[in-house]
Every structure is written in C-alpha cells, then in structure tokens.
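# give the three-dimensional model of this entry:
(2 chains)
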2 protein chains.
Amino acid sequence: MAEFKKTAIPVTREEDYPQWYLEVIKAGELAENSDVRGCMVIKPWGYTIWENIQRELDQMFKDTGHVNAYFPLFIPLEYLQQEADHVEGFAKECAVVTHHRLSVNSEGKLVPDGKLEEPLVVRPTSETIIGASYAKWVNSYRDLPILINQWANVVRWEMRTRLFLRTAEFLWQEGHTVHATQEEAMEETYKMLYVYKDFAENVLAIPVIEGEKSEAERFPGAVSTYSIEAMMQDKKALQSGTSHFLGQNFAKSSKIKFQSREGKEEFAWTTSWGVSTRLIGALIMAHSDDNGLVLPPRIAPVHIAILPIYKDEREKETVFSYIREIKTRIADLRLFERKIVIHIDDRDIRGGEKNWYWIKKGVPLKLEIGPKDVENETISMVKRTDPDLKKYFIPRDKFIFDLIETLTGIQNDLFEKADRFQKQNTITIDDYEEFKKVFTPRNEEKPEIHGCFARSHWCGKRECEDKIKEDLKVTVRNIPFSEKDEEGKCIYCGERSGKRVIFAKSY
Amino acid sequence: MAEFKKTAIPVTREEDYPQWYLEVIKAGELAENSDVRGCMVIKPWGYTIWENIQRELDQMFKDTGHVNAYFPLFIPLEYLQQEADHVEGFAKECAVVTHHRLSVNSEGKLVPDGKLEEPLVVRPTSETIIGASYAKWVNSYRDLPILINQWANVVRWEMRTRLFLRTAEFLWQEGHTVHATQEEAMEETYKMLYVYKDFAENVLAIPVIEGEKSEAERFPGAVSTYSIEAMMQDKKALQSGTSHFLGQNFAKSSKIKFQSREGKEEFAWTTSWGVSTRLIGALIMAHSDDNGLVLPPRIAPVHIAILPIYKDEREKETVFSYIREIKTRIADLRLFERKIVIHIDDRDIRGGEKNWYWIKKGVPLKLEIGPKDVENETISMVKRTDPDLKKYFIPRDKFIFDLIETLTGIQNDLFEKADRFQKQNTITIDDYEEFKKVFTPRNEEKPEIHGCFARSHWCGKRECEDKIKEDLKVTVRNIPFSEKDEEGKCIYCGERSGKRVIFAKSY
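Okay, the predicted model is just below:
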C-alpha cells in the first residue's frame, strides 16, 4: 500500500492471513483456546453469533417440515462397527470413554476406575446411534418420512486445530431423515443443500457454489455428498455445509426396515446434513477487514452501538433522555422479523478505546450522541462497512426513517462485495502450467495470498485428484450444479472430461 | 373409585404411580431409553417442550443481564482435583475418556487405542473448567461481574436411572457468575432462585417452595445451596432448580483473583445455578392424569389440535377452507408473546385413535370441525383439563374472541389446582409417631400414595436428618424462606429448634 494506514488488527490480511484471522477472533472476543487439547471456549460475542445462526436455521428447518430431538452423546462400539466405510472414516479421531468413576491412588492422584465392559465413543456424528432408534420407530410406510434434526456437540480428535475451523469439540446441527423411496431421499438431500445455500447467501451474506463432492471427499458411508463452497478472502475454499444421500447403506447396517404399501419388507433410504460452528470461521474470513470483524446485520449480536458523550450530570441526563427517545421509536422496527438490538456503552473508558472496541466487534452501526446532537436533533453515525470509517451527521428523524433500509443496504453490500470477489477470482483454466502457476506462491518463505477457484476439466479419476493434491495441495472442491455439460480434457491427464469442476486450496 | 371408568393410560396413578409415570411418557411419545446405559432419547414431542423451556428461561436470564457462552465438554483431572469437596461429590459417577482413537485387534474387533497422557472427565458440571477461563479473564474489579450461562449436556454415571428424573446424560443450563463482593454474589444467588420460582410457577404452572438446603444436600464445594421444591401428585418432593453461593471456594481453587478498587489483590466470589431436563419430569408428574399428559399452554408444543371431519372431497374442501379462515384469524394472536400453534391432523387413521392421540399428548384444546360446523359457524371443543373431556359446541367467533382468555384460564387453573394440592398436603407435624405414620405406607407390598410435605421442627444436626432418612427415607427438602422464626423442638431428638423445615420423600 502506498500510504501508511494504521489498522486496529496488528497484522493485515496481506501481511499474514492466517495470523490476521486469529487476531480478528482475539480482538472481537469471539473465542479462545482452552487448556483442553483442541477444545475451544466460545466467548459470549462468538456464542451470540452462533445463537443467531441457530435461530435462523432452525426456523428454516421447521419451515421445511423438520422437528428437533436429542440422542445420546455416547455410541457403543458395536454400532460403529456395523458400517465399514463409516468406522474407517472416524476410527482415527474418536474420544473413547473406558471408565465410569475416579478413585484416588496411593500417591493421592485421581485415576480412572470402574472399567466399562464395553467402551463408548463420544459421537463424532450420529448416523449410527440415531439409526438404532429409527430401526425401532419405523415399521410401516405410514411411519415415513422421519424428518428430525439435532443441535449437539460432537468430538473429532483432530491433531491440528484452529479456532472455529477445526476443533476437537464443536457445535453443530445434524439432520437425519428416513424415506420410503430413493427419489424422496434424493429430493430431501437437494432440498437441504439449497436451504444451506439460502442461509449462507441471504443470512450470512456469503455467496456459495453448490455441487457434488468427489469420491475422495465423500462422507464415510454415503452414496453421494453435496456441499456448498465459499471463497474466503485468501481465495481458499471453505466447505460451509454438506448434505449426504446415504442410499440404503446405513438403513442396512442399522436395520431400518419397513413394510411397503404393497406389503413387502424393504430397507429405507436415509439422508444426513449438517453445518457447524465452522460457519463462524467462514463469516469472519468472508467479510472482516484489517480493522477486525465485520458482521452482516442479520447475524450481528448488536445492530447499533451508541456511545453517549457528556461532560457532567446535567449533560448526561439530556443525552440519555434523547437516546431513550430514539430507542423507543426504534422499538417496533424489525429487520427480517428480528427486533433491532441497541447497546448503549456508558463504560468509563477512553473514547478512542471505546470507539475501536465496537469496530473490532463488527457492529454494523456506531452512533455518537452528545449535547450538540440533542440541540440539533442529529446523530453522528459510522458504518462499519465504510472503508474510511467516516463519521456522518444525520438528522435524527432521517436516521430512524432510513434505519431498516440502511441495515438492509449493508447486508446487500456485503453479499455483493463477496460475490464480486468470488467471481473475479474464479478463473477458467485449461492448461496445467497455468494452473500450477496460479496455485504456487511466488515467495515460499512468506506465502502471499494467491490461488483462485479454478474452473477446469477433470476426468473424474481419483488418481488425478490425488496427484494434483500432492503437487499443489489443491483439490476438487465440488462439481457445481451450475456447470453445463461440456466436452474437454482433464487438466492433469488430458483424458476426456464432460464437465468443469472447481479446484481450489481449502480449509 | 366407585364407578368403572376407562382411561387412556393402562395403569392409573392410584394403582401404580411409578409405572403410571413411565406410561404417560410412552403414550405421549416424550422420550425412551436407548441402548446406551442410562442415556435417554428425547423424542420430538419431549424435545419441543425442552425448546419451549429454553426459550422462556433464556429470555429471563437475558432480562437479568446474563449472556450465553460455551465451554469444553472435557475436564482435565487436575482441575477436578483442586477442590476437595467437589471432587468427592462427583468422582464416583464420572465418565472418563482415556483414549483418542480406535483400532482393529487381531479378532477384527474395535478396541480403544492412542492412550491419552492425562485422562479427561466428561463434565458432570462445569465449575472447574469455567473457573479456569474466568481466572484468565478477571484481572481488575472493572472486569466484574461476569454473568454467563451455558446450555449444555452433562454426564453423571447414575446407577439407577429413570427417564427425565435421573439419567446418565442430561441437558441443562448452568449459570456461572463472578462478583467483587460477597453481598453481590449472595444477591445473584437469591435473584436466580427467584427467577426459577417465577419460571416454575408462571410458565410451568407448578407452585414451589423456595429455601435453603441442609448441609447433607448441599452442592459439593458450595458454601450454601438454595432450591425450589415442588410437590408431585404422589406427594413426593421434586427439587426443580438450585442456586449455589460458592463463596470464595472455587475462586481459590481456580485462582480467580482481581485487583480491587483500592488496589488490593482479592479472591472473587462466585455463584452457580441450574435447571435440567428433570423439569420435564416435574411437568409430567405435576399435571398429568390417568388419560396421559396435561400441558400448561405456555409450554405446550401445540396449543390447538384440529381434527377435520369429512366424507368426500367436496366436504373436505369446505371444511378445510373453514379451518384456514380460523387459522388466519388466529394468526395475529399472542399468548405471552408466543404465536398460537395449531396442528391440523389430517392423517388417515380411525377417529377414536386420533382423538386419544391428542389427549395423551396433553394438547390444551382439541377441536373437531365437520360440515355441520361450517354450516352453523361453530366448532366443537374439548379442553384437556376437563376431567370428563366433554365436547362443547361453540360459535366460531366466540371461540376466536375468547381464545387467549381460554388458554390463560387453563394456565391459571393448572397452577391453582397444583397449589391447592400442595397446600392440602402440607401438614404441620410436631410428633414423631404421627410423622412416622404419615410417611409409612399401609401396605408395604403395594405402597399406595402416602406422605406429605411435613412442616416440622429440626435442630439442624446432620445426625437427626440421617436417622430420619434411615427410618423413613424422608429428608429435609429445604428450610423455606417463608417460615418465620419460631421456637420448637426437633421432631427427632427433641432439642431446641428455631424454625420449621419441610420434610418429605423425594425424587
């Protein structure tokens, strides 16, 4: 950058993207590592974002006919054993409970005691444990479909963890449905993929590409896996939600059978689909800047931070009564059915610190209100999405009148900015040399932001995908539904390909 | 009972109360046991009740200044070890994770592998793990108070389990707060106890007695524990929420220290408080009858079940258009800020089965609507709380006009009925022989419903409480705030007592 500009985050995206990500989380007080390996603490600001994600998604699930339920945290080993691909996919990263009490040894140290006859696995995902219930619940075609979702914590013993993106314990939702026919199960699989796309784009303001995953990235045990893929500001892909068509694989291993309308006993067809606290990682990386978090209004814990300015008790009274009036007039407004959340920050700290506090928290609008504003019936407003963070003086009535439009405008601007970025960085590449060049940093010591979403042909063979991954750490993100059939040659081996796919580095 | 009366639940409360409880859960499809020892599956109807409990309580927590966050599922052994009373209270019932992957042994069986250097305990409660974070977050009096709540699953390896009342895994909320002074921490402890009382009485329609627990029933590590106690229909007490004043005990073990306004380093004062899915057990036992579940409207997943009646497509169209009109006119009504939830049951099953289905589910109002109703502009309505389940024909407009009052009336009736029952069965007893008689079933083989809440004097000695428990399985439920100071003699030893307490059998 030509001119020197101080930023609130100690390291910029250009300087060190991975570090910038962690600093944004720290500055925004979203989460932190705990002493328990790989487990994070989600702090109130981060958790409120999760609550907002939950509320919006939950409504979408209910609007599409789903209900919530809750199944056990622990899975008996024998359940896992029943589906070979599934157990292979998760066996290497399971937390295993082997004892059911503690006792004190001769050195006065607590040690596990009361060995279980059969160890239990802390759920890494719940297909098998939920399947065991479904097997009991489903007898006839009249019992179908079952459309259940669960909000839960799951544990996968990841060796390299990163706040929100990859943690040993994380929070998620997992939908598990059972259907009488293949067609109906496929329809559900697609429907939920599009619920995720709708949510990502319209609530999180993150454009995504929907499509099918390659075999290498398929959910262990699934017939086919579909994903939405989002581009982060470092041009890497972040898989932001998956929907799996499980065929009859899990129905067979869990013995989910039913009597059909024709009186025949058949195995059911199942699906599963999920998004997790990973979405918060996507949210951070899609919109934030070198001053910290930037939040789309639909998901922001607070829409408006108000900083009252006064010198004495008399001024304080005047200013607060003016603020109260604004609050009252805003009380009935709704942004997508949600009340407008206002936080009045009257802490006794330096003005600069307070200002930056709310910028780093990503709150869409920050108002300063002092005695002058009361006199002139104005407010001064800073939009978090304004790159210059310029202060505007606005008549109070206009501010209130325009408020929903202002917030909706911010929501739309964020989506459009991210969408432009994704489109600009989605490149059609037909030559492996060019492909290699795009995905290779110029400076290995300090890799700058590079890469793209490469629209390239792929023959569909695992071998080519593996080789490209080995060469460049680039994989097929998905085979987009939006790509038309087109004859071409595999970017790696040159053999026939019928469609372009999206290649990218990924989280 | 003099006259024979068929009931929907195969066993009545009088015949076998514990079995009746399980049958109500089964008939209402609330929950069931899983194959995992002590872990239940909360089915959609039960889980929706939990969601409604969560929504109402969460709002009350937020209205009293609390925010939510999330802390790790796993607790390092060393954390537990730091507070001696605490570890003693929970060591005997902990699920312990000792391995972090599975491998296949020579017989092809999955076995735990990758032994952890330090085992981890699945949280039975989170004082110690949350305390470790608070120790990092608190430096100055300016960082206080911390007012955080967590919605989570916890595990206590109970040997004898019972759906909702005592399960190895259960869902709950746990508030954990930190304060600069003892007074403020005490104030918080009381405040949350009264939030629970408010919630139990006004949302669940269950009258409760608030007071302090005796030492024997204190939370392990607390200075004092307060509870709300509810009377079930078998006259046993169910502890329905607890609030703990932890003094500086956990602050010392977790090293939560702060610089006071005067510049001195001090240990903070902490509290914790929680309610769990146990509340659903309380809800079932407080209101249900021999026809199954009875739900207070504020917590019911569905307020109105509508059963359309028609013979052919033409009638169906007429009836459905009439129902749609009713739905539209109800759409804007609110019962305590919640929209009225209507379920139209158009399943192709026998009318009798359908009728009883909604009675067993506890839905407050059940409507039948057929062509005659359309013609006469009426509806036929059954109130779940009507012991005779009598069908009333009501003009449609009157039904809609009165609806909120009808539902509020049901809510109030349920509270008043439970309150009368509790008051009628709260007996002042000053003689141990009478005390023994009340708490002893006349028929040991098939214990009938007996007992009461006994208002009796107690000297405060653990010894007397232990002896009474040994004799009669009766314990001090709590020392009610409502009891005035009064000179008397301990019901057991005859020594001086300054106050009456509540003795009862309990869950």
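# going forward, measure contacts between C-alpha atoms and count neighbours the same way
Will do.
# export the stretch of helix or strand A:Leu307 belongs to to PDB, keeping only CA atoms.
With elements delineated by DSSP states H and E, A:Leu307 resides in strand A:304-308, which encompasses its position. Taking Å, rounded to 0.1, in the frame of the first residue of the first chain, the C-alpha atoms of strand A:304-308 are listed here in PDB:
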ATOM      1  CA  ILE A 304     -26.300  -0.300  16.800                       C
ATOM      2  CA  ALA A 305     -23.700   0.600  19.400                       C
ATOM      3  CA  ILE A 306     -24.500   4.000  20.900                       C
ATOM      4  CA  LEU A 307     -21.700   6.000  22.600                       C
ATOM      5  CA  PRO A 308     -23.100   8.800  24.800                       C
END
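# need the contact list for A:Thr475.
With CA atoms under 8 Å, 6 or more residues apart in numbering or on different chains as the criterion, the residues that contact A:Thr475 are A:Glu465, A:Asp466, A:Ile468, A:Lys469, A:Phe503, A:Ala504, A:Lys505, A:Ser506.
# next step: these restricted to strands.
Among the contacts of A:Thr475, the subset assigned to strands under DSSP state E consists of A:Phe503, A:Ala504.
# following the longest strand anywhere in chain A, which helix or strand shows up next?
In chain A, ranked by residue count with DSSP E as the criterion, the top strand is strand A:110-122. Remark: after strand A:110-122, the chain's next helix or strand is helix A:127-137, criterion DSSP H and E.
# measure how the helix or strand just after that following helix sits relative to helix A:127-137, angle-wise.
The element immediately downstream of helix A:127-137 (helix or strand, assigned by DSSP H and E) is strand A:146-155. What separates the directions of strand A:146-155 and helix A:127-137 is an angle of 150 degrees, with axes from the mean of the first three to the mean of the last three CA atoms, to 10 degrees.
# for strand A:146-155, name the packing helices and strands.
Judged by 3 or more CA pairs under 8 Å, 6 or more residues apart in numbering or on different chains; DSSP states H and E, strand A:146-155 is in contact with strand A:67-68, strand A:169-179.
# nearest to A:Ile228, of the contacts of A:Thr475?
Distances from A:Ile228 to these, taken as CA to CA, are shortest for A:Ser506 (12.7 Å).
# what ranges do the strands span in the stretch 351-500 of chain A?
In the stretch 351-500 of chain A, the segments counted as strands under DSSP state E, counting those that start in this stretch are A:365-369, A:378-383, A:391-395, A:426-428, A:453-457, A:475-480, A:485-489, A:496-504.
# would CSV of those strands with mean pLDDT and distance to A:Val97 be doable?
Compiled in CSV, these are given as follows (pLDDT from 0 to 100; distance: least, CA to CA, whole Å):
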stretch, mean pLDDT, distance to A:Val97
strand A:365-369, 98, 48
strand A:378-383, 98, 50
strand A:391-395, 96, 56
strand A:426-428, 98, 46
strand A:453-457, 98, 42
strand A:475-480, 98, 35
strand A:485-489, 96, 49
strand A:496-504, 97, 38
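# circling back to that earlier point, neighbour-wise, which one of the contacts of A:Thr475 leads?
A:Phe503 (29 neighbours; other CA atoms under 10 Å in any protein chain shown).
# so who does that residue touch?
A:Phe503 sits in contact with A:Phe453, A:Ala454, A:Arg455, A:Ser456, A:Val474, A:Thr475, A:Val476, A:Arg477, A:Asn478, where contact means CA under 8 Å, 6+ apart.
# apply 10 Å and report the result again.
For A:Phe503, the residues meeting the contact criterion (CA atoms under 10 Å, 6 or more residues apart in numbering or on different chains) are A:236-237, A:426-427, A:429, A:435, A:451-458, A:465, A:468-469, A:474-479.
# how about A:Tyr392?
With contacts defined as CA under 10 Å, 6+ apart, the neighbours of A:Tyr392 are A:Leu367, A:Thr378, A:Ile379, A:Ser380, A:Met381, A:Val382, A:Lys383.
# A:Thr385 versus that one, what's the distance?
As judged by CA to CA, to the nearest Å, A:Tyr392 and A:Thr385 stand 13 Å apart.
# pretty sure A:Ser103 contacts A:Val111?
Yes: taking contact to mean CA atoms under 10 Å, the distance of 5.5 Å between A:Ser103 and A:Val111 places them in contact.
# overlap of the contact sets of the two?
Residues touching both A:Ser103 and A:Val111 (CA under 10 Å, 6+ apart) are B:Ala91.
# sorry, back to before: now the contacts of A:Thr475 as a markdown table including distance to B:Val41?
Supplementary listing: these in a markdown table, determined by distance: CA to CA, whole Å:
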| residue | distance to B:Val41 |
| --- | --- |
| A:Glu465 | 41 |
| A:Asp466 | 41 |
| A:Ile468 | 45 |
| A:Lys469 | 42 |
| A:Phe503 | 41 |
| A:Ala504 | 41 |
| A:Lys505 | 40 |
| A:Ser506 | 36 |
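# any regions of chain A where pLDDT drops low?
Residues of chain A meeting the criterion pLDDT under 70: A:1-5.
# buried stuff in the helix ranked longest in it?
The helix of greatest length in chain A, counted in residues with DSSP state H as the criterion, is given as helix A:396-424. Neighbour-count burial for helix A:396-424, counted by 16 or more other CA atoms under 10 Å in any protein chain shown, picks out A:396, A:399-400, A:403-404, A:406-408, A:410-412, A:414-419, A:421-422.
# cool, and stretch A:49-69?
Applying a neighbour-count criterion of 16+ other CA under 10 Å, one finds A:49-54, A:56-58, A:60-61, A:66-69 buried in stretch A:49-69.
# now check it, is it near chain B?
Yes: when contact is scored as CA under 10 Å from any CA of the partner chain, part of stretch A:49-69 falls within range of chain B: A:Trp50, A:Glu51, A:His66, A:Val67, A:Asn68, A:Ala69.
# comparing the helices and strands packed on strand A:146-155, which comes out most buried?
Using mean count of other CA atoms under 10 Å in any protein chain shown, the stretch among those with the greatest mean number of neighbours is strand A:169-179 (a mean of 23).
# who's sitting farthest from the centroid in chain A?
A:Ser106 (47.6 Å; CA atoms, centre = their mean).
# what about it, which SS state?
Following DSSP: H, G, I helix; E, B strand; the rest coil, we place A:Ser106 in the coil state.
# for the closest residue in space to A:Arg442 that isn't next to it in sequence, what are its contacts?
Using CA to CA, 6 or more residues apart in numbering or on different chains and skipping the chain neighbours, the partner closest in space to A:Arg442 is A:Glu448 (7.4 Å). Residues in contact with A:Glu448 (CA under 10 Å, 6+ apart) are A:Arg13, A:Glu14, A:Glu15, A:Asp16, A:Tyr17, A:Asp234, A:Thr440, A:Pro441, A:Arg442.
# just the buried ones from those residues?
Among those, those that count as buried by neighbour count (16+ other CA under 10 Å) are A:Arg13, A:Tyr17, A:Asp234, A:Thr440.
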